[in-house]
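Colleague: Sequence isn't available, so here's the structure alone:
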């Protein structure tokens, strides 16, 4: 595929959320063009408005007191000393919260501020508002909390027998999946134990917010929310207000690879603003960010694969244990994805999978891109490598003999009705040329593991090539009601899109403009800032914005198109369906009518509102069976790595990617999404792990948590994008960012196994796992 570099847009951003502001002209434009992101210039120039930049007259600053213990009984909270400090305007604890509302999207089990117990290191206990940020931090530290330290349950395997950590118990969900004949056996059996670490979303911009009190006793909250209506509803419940009294404005989102700005940040802000009658601002430190938001679920996986002598899979047995941390949040949904995809994109006639997710006193886990699917992908691809070695079959060939296709059954009993070109994807990465070996160039140009000035010895470096396949689901699952509403208004030659889909960096604001340009033929399209006065569009994840919100925008734009074309068609005695819009012109099929869109719109104001709701799904039943997913996306990656077998350091040389995309809507943005997903996956494979020792987070900063940098990013070669449109999806497009993230860690692990001959069963890969070569 050829990628065009569109002209960078000159954007003046006005309002609270990316996408609003002055009209932008791009050439080319419309669907299929490489249109520059509408907020690109503003972000590069530093003029994009993030919450941390907001200000209000009479502003106060907030600080949050967090628990220093992973598990303790709260015996007493004394705020008197903090309240007496000069400049302190208010101190709040759980006693000021109207109702112990839940913070989780799906299971409301988390207190707004800790009351009788703290259940993890960093849990919010109290909050302070003061006239200076340093005063607020000192006052928060002056709040006296008397704790009775309790034994912390940090091993999820021990959570089953431990004393309940929560009124709802320690077991959040158990899914026993049974498919085919549970007693079936294969001629060849391989087993494995795998551990996946705690990856953090680590957004570049930490959490922040601004709350402004309203005259009706309500509050307005400005925050980088990815689910504004859900946050509004939970805030209202916690504050004892109606939904109409709480309004959430979405500001620029400085990175969102998971949920952002949970109520541990929003609620103290809103509560303090109402109590003081002043605007209140909270900007988290990096340490507070690591302690406060959800992380990827650490997972323990036990596998047993059965196959015949030809390598055809007979049965997959798996046990998946996920650590939810202290509260449930999105854990039940993450477990459903893990169990459902435990066998991967392969035909498996028989499966016995048990999945559990439990509470512990570890930091909370939450939604992180690719949740559930990433953990099992690393495990089942490790099993495929073991099976290939046992059978003496090339690992890529073994995968090719078992790949899933349209019409096959998932272990959940759901038929794959969407395009599933897994065989084509695998063939594409197998056929791609391999990168040159370092020996083919001058020694001074060699890039060795450990960096240009590292201690690596060329004689101890081994090259490995590994393959991995993976899959993700799109939209919510198990009966989630997915719906989005959009309004398109046209006045003169300018169109405006109103939709509550949050631009988190995935390109929705740009896509919305492209859709309207494509349907209506106008150049100037504005995307209004997002707030909760607009109808809900759901959380901005799992391809929801492209499928559901993009579909709503397209339907609304087509309704406006009909309003525009019908009078013209009636004038010439023909149907509006016989008129077309292209290149800013309206023409009839026979050429009798030809006019510009600008002329047709002159003096008119047209608008329409539409909804998009995909077909319904159903919950998994008592044996893990059911049509739980709206759609699926697939990818294949070939990783090439160099490993220093003396030091255990790894350099990823190249990632060759073939991906099932449905339809390319913006080549430039699609490539960026794939590259970003692969890079985040390399972080999960090699460096990213939030260390927690006996429930205590160690080194919660960017020095202790190693994100991949530009020096770690390899050459990402997109060798094929399969454009086989999903007929039930608007535009036929599929989610783009999650699936390469899910597959990349498994591919890197496979390549390290190939280079060293050693089992790699833990992510991120420890240096000692790559030392030595068998």
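Modeller: Looks like it came in fine. Remember, it's a predicted structure, so these values are computed and weren't measured experimentally.

Colleague: Which strand or helix spans the spatially closest residue to residue 623 that is not a sequence neighbour?
Modeller: Residue nearest to residue 623 in three dimensions, not counting chain neighbours: residue 178, with 4.5 Å by Cβ to Cβ, 6 or more residues apart in numbering. C-beta: built from backbone N, CA, C; applies to glycine. Taking DSSP states H and E as the criterion, residue 178 maps to strand 171-179.

Colleague: what's the distance between that strand and the middle of its chain?
Modeller: 24 Å (Cα atoms, centre = their mean, to the nearest Å).

Colleague: what do you get for stretch 752-768?
Modeller: With Cα atoms, centre = their mean as the basis, stretch 752-768 stands 26 Å off its chain's centre.

Colleague: Quick check: the residue nearest to residue 623 vs residue 351, distance?
Modeller: From residue 178 across to residue 351, the span is 7 Å (Cβ to Cβ, to the nearest Å).

Colleague: residues of stretch 109-121 that come out buried?
Modeller: 109, 110, 111, 112, 113, 114, 117, 118, 119, 120, 121 (16 or more other Cβ atoms under 10 Å).

Colleague: before we move on, what about stretch 544-563?
Modeller: Result for stretch 544-563 [16+ other Cβ under 10 Å]: buried residues 544-561.

Colleague: So which of those residues sit within helices?
Modeller: Counting by DSSP state H, the buried residues of stretch 544-563 place 544, 550-561 in helices.

Colleague: which of those has the weakest pLDDT?
Modeller: In this model, the minimum pLDDT among these belongs to residue 544 (82).

Colleague: rewinding a little: which members of the ones in helices among the buried residues of stretch 544-563 are the farthest-apart pair?
Modeller: 544 and 561 (24.5 Å; Cβ to Cβ).

Colleague: Would you map the helices across the stretch 351-500 of the chain?
Modeller: For the stretch 351-500 of the chain, helices defined by DSSP state H, counting those that start in this stretch occupy the ranges 373-391, 395-400, 422-431.

Colleague: Kindly apply the preceding question to the stretch 101-250 of the chain instead.
Modeller: 133-142, 228-239.

Colleague: contacts for the shortest one?
Modeller: Read that as helix 133-142. 60-65, 81-83, 85-88, 91, 126-130, 283 (Cβ atoms under 8 Å, 6 or more residues apart in numbering).

Colleague: Residue 83 against residue 92, yeah?
Modeller: No - using Cβ atoms under 8 Å, residue 83 is not in contact with residue 92, being 10.4 Å away.

Colleague: So which of these two has more stuff around it?
Modeller: residue 92 (21 against 15; other Cβ atoms under 10 Å).

Colleague: Now do the same contact list for the more buried one.
Modeller: Neighbour list for residue 92: 113, 126, 127, 128, 268, 271, 272, 275 [criterion: Cβ under 8 Å, 6+ apart].

Colleague: Check the offset of stretch 47-66 from the chain's centre.
Modeller: 25 Å.

Colleague: list the buried ones in it?
Modeller: Buried residues in stretch 47-66, defined by neighbour count with 16+ other Cβ under 10 Å: 48-52, 54, 60-66.

Colleague: And stretch 761-770, by the same measure?
Modeller: Going by neighbour count (16+ other Cβ under 10 Å), the buried part of stretch 761-770 is 761, 762, 763, 764, 765, 769, 770.

Colleague: Identify, from these, the entry nearest to residue 645.
Modeller: When those are compared against residue 645 (criterion: Cβ to Cβ), the nearest one is residue 770, at 6.9 Å.

Colleague: who has more neighbours, residue 178 and residue 351?
Modeller: residue 351 (24 against 17).
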